[in-house]
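Asks: Need a 3D model of the following:
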Amino acid sequence: MGPNQKELARMENISMEFPGVKALDGVSFNVLEGEIHALVGENGAGKSTLIKVLMGVYTPTTGTLYINGKQARYRGPADAIAQGLGAVYQDITMAAHLTVGENFFLGHLPVKGGKVDWKRIFADSQATLDDLKINIDSRTLVRDLTIGQQEMVSIAKIIHQKANVIVFDEPTALLTNEEVEILFNLIGDLKKRGFGIIYISHRMEEIFQLCDRVTILKNGAYVDTLNVSETNEKELVSLMVGRSVEDMYGIKHAQRGDVKLEVRNLTGARFKDISFQVRKGEIFGMFGLIGAGRTEICRAIFGADKYESGEVLIDGKPVHNRKPLDGIHNSIAFLTEDRRKEGLCGQLSVMRNINLASYPRIAKNGVINLKKEARRAEQYVDSLSIKTPDIEFRVRNLSGGNQQKVVIGRWMCCDSDIFIFDEPTVGVDVGAKVEIYKLIEGLIADGKAVILISSYLPEVMGLSDRLMVMYEGKQTGIIERDEFYNADGKLREDVVLGMAAGIKQE
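Replies: This next block holds a predicted model:
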């Protein structure tokens, strides 16, 4: 942080009160020219509320905003944009049926001679894309772009609007590794150009890779601001959760029992000749780079996708799950990677989502027993510590960690024996991650068989009893837990990464 860096935005003693809730309590925060300033904290810490105050969505109960050294007063988000502020959210909001260029000028299409000036729309937007080295045609429909490309367009649109402070809210949650690298290069370029970047992420490695300073919030209050170069992950986690997390992955491993699930020579469109066993009380990890075929294997086992050949056996008996309902009947639970689109019905209540896969258990002649429905929901809200005002609360309004607990509750409601967790902690804060790990610990203690897919190597190695590594649809090996560590006690991440990259091990 240089002495001549200009302060682009400052929030001073911001408090925000809603009926019965104090979301922010005297928080101060600033961002400088040419810096990337991380904002971290558990879900519910106040990060989103603070950003909504900055972006003019909320008017603070008390406190003052300064933009470029001058006090700012907003009547709404349009005023924040006019002051040079922009935000890129995890859920990209653009008109998918319109072109990239039209999205750039949405709401203020230029007119020439009484007609829309299409030439200017596409030329101006293309110039901004080219300047940022974003290889996208401004005439392309947004719906034809990948999530990563849509995010790039969203950034370019903000810059086109003359923003000099940009908020990134969990920008990598839905991106591939290649798209993350492109995004980081773009953010680095924006920093060099003097933009002020506010970066919100639950991924600690991103904070240390990208950011200059980090501000920690807890329960709506300011905790501290540190130079990233002068802190470490352990200290940040401790400040965020208010307690020391010596070993996030320190769960109790159960005594492994009989083989619950066996896969023999399974072959599908994206994987070939896969064989493994999962025992009762075991966490069986799967690791591989994007496109390795991990998710596709599990979808085939569950019945969401077809496979070409091979066998799936449960308790030694062959099963053929042709659709998800077959998987459910065979006691398999599949917690999908994309919980918002595939795992949850966001418009429905917590109660409905928890009961969704097991209504036949509480229905007679097609009539649902409403008392049982409510009682089961309350049972799992309580036992899983789901933070919700009540069971009728819409699930889309819960935090990521609590949404994931609702999905877990749904499958526990089905009394499933085999749990497949596909990237269970993506977009989940540190405290909620630990809670999810403890839930998995409880499942294996009850003799359930767990398959854990994770792209975060410390997580999948830290939790698994055995680990299958994959490369381009093929398994490159299965490693026992006692082989995870070097003689000095450190995880052998380099060995696993080599296997995932197709490098033969000696």
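
Asks: Which neighbouring elements make contact with the helix or strand bottoming out on mean pLDDT in the chain?
Replies: Ranked by mean pLDDT, DSSP states H and E, the weakest helix or strand in the chain is helix 233-241, scoring a mean of 82. In this structure, helix 233-241 packs against helix 204-210, strand 213-218, strand 221-227, helix 430-445, with contacts taken as 3 or more CB pairs under 8 Å, 6 or more residues apart in numbering; DSSP states H and E. Where you see a C-beta, it was placed from the backbone N, CA and C, and this is true even at glycine.

Asks: please redo it, this time with the cut-off set to 6 Å
Replies: helix 430-445 (3 or more CB pairs under 6 Å, 6 or more residues apart in numbering; DSSP states H and E).

Asks: quick one: the least confident helix or strand of the chain to strand 221-227, angle?
Replies: In terms of direction (axes from the mean of the first three to the mean of the last three CA atoms, to 10 degrees), helix 233-241 departs from strand 221-227 by 160 degrees.

Asks: Report the inter-axis angle for helix 233-241 versus helix 430-445.
Replies: 100 degrees.

Asks: For the helix or strand following helix 233-241, what does the pLDDT average out to?
Replies: As assigned by DSSP states H and E, the chain's next helix or strand after helix 233-241 is strand 259-268. Summarised as a single mean, pLDDT over strand 259-268 is 97.

Asks: In strand 259-268, which residues are buried?
Replies: 259, 260, 261, 262, 263, 266, 268 (16 or more other CB atoms under 10 Å).

Asks: so how far is residue 62 from the fourth one?
Replies: Going back to what we said before, that points to residue 262. 62 Å (CB to CB, to the nearest Å).

Asks: Give the buried residues for the one helix or strand residue 296 maps to.
Replies: Assigned by DSSP H and E, residue 296 belongs to helix 294-302. Of the residues in helix 294-302, 294, 295, 296, 297, 298, 299, 300, 301, 302 count as buried by neighbour count, 16+ other CB under 10 Å.

Asks: cool, stretch 495-506 as well?
Replies: Buried residues in stretch 495-506 (16+ other CB under 10 Å): 495, 496, 498, 499, 500.

Asks: will you turn these into CSV that also has pLDDT?
Replies: Formatted as CSV, the buried residues of stretch 495-506 follow (pLDDT from 0 to 100):
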residue, pLDDT
495, 85
496, 88
498, 85
499, 88
500, 87
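
Asks: Of those residues, which belong to helices?
Replies: 495, 496, 498, 499, 500 (DSSP state H).

Asks: nearest to residue 45, of those?
Replies: Minimum distance to residue 45 across those is 32.7 Å, recorded for residue 496 (CB to CB).

Asks: ok, that closest one - contacts?
Replies: Neighbour list for residue 496: residue 469 [criterion: CB atoms under 6 Å, 6 or more residues apart in numbering].

Asks: If we use 7 Å, what do you get?
Replies: 287, 457, 461, 469 (CB atoms under 7 Å, 6 or more residues apart in numbering).

Asks: Quick check: the second one touching residue 493?
Replies: Yes - with contacts counted by CB atoms under 7 Å, residue 457 reaches residue 493, the gap being 5.2 Å.

Asks: what's the spacing between residue 117 and residue 271?
Replies: Relative to residue 271, and taking CB to CB, residue 117 is found at 51 Å.

Asks: scratch that, residue 139 is what I was asking about
Replies: Residue 139 is 37 Å from residue 271, by CB to CB.

Asks: And residue 392, by the same measure?
Replies: On the measure of CB to CB, residue 392 and residue 271 end up 42 Å apart.

Asks: Look at these two and report which has more neighbours.
Replies: residue 271 (23 against 13; other CB atoms under 10 Å).

Asks: Touching, the more buried one and residue 295? I think so.
Replies: No - the pair residue 271 and residue 295 fails to qualify as a contact (CB under 7 Å) at a distance of 9.8 Å.

Asks: tell me the pLDDT at residue 245?
Replies: At residue 245, the pLDDT recorded in the model is 48.

Asks: neighbours around the nearest residue to residue 223 once chain neighbours are set aside, how many?
Replies: Take residue 223 and drop its neighbours on the chain: the residue closest to it by CB to CB, 6 or more residues apart in numbering is residue 216, 4.1 Å away. A count of nearby residues for residue 216, using other CB under 10 Å, gives 23.

Asks: Could you do residue 24 as well?
Replies: Quick note: residue 24 (other CB under 10 Å) scores 27 neighbours.

Asks: low-confidence ranges in this structure?
Replies: 1-3, 20, 43, 90-91, 242-247, 504-506 (pLDDT under 70).

Asks: For the residue nearest to the spatial centre of the chain, give me its contacts.
Replies: Note on the chain: the residue nearest the mean C-alpha position is residue 427, at 2.4 Å, using CA atoms, centre = their mean. The contact partners of residue 427, taken as CB under 7 Å, 6+ apart, are 170, 173, 202, 400.

Asks: That one: which element?
Replies: Applying DSSP H and E, one finds residue 427 in no helix or strand.

Asks: Now it: phi and psi?
Replies: phi 70, psi 20 (degrees, to the nearest 10).

Asks: any idea how far the closest residue to residue 255 other than its chain neighbours is from residue 490?
Replies: Distance criterion CB to CB, 6+ apart; nearest residue to residue 255, sequence neighbours excluded, is residue 281 at 5.9 Å. Applying CB to CB, the value for residue 281 to residue 490 is 27 Å.

Asks: Could you check which of the two has the larger neighbour count?
Replies: Counted by other CB under 10 Å, residue 281 and residue 490 do not tie: residue 281 has more neighbours, with 21 against 10.

Asks: Secondary structure element holding the more buried one?
Replies: Assigned by DSSP H and E, residue 281 falls outside every helix and strand.

Asks: can you tell me how far it sits from residue 198?
Replies: 44 Å.

Asks: what about the closest residue to residue 249 other than its chain neighbours, is that helix, strand or coil?
Replies: Once flanking residues are discounted, residue 249 sits nearest to residue 462: 2.8 Å by CB to CB, 6+ apart. Secondary structure assignment for residue 462 (DSSP: H, G, I helix; E, B strand; the rest coil): helix.
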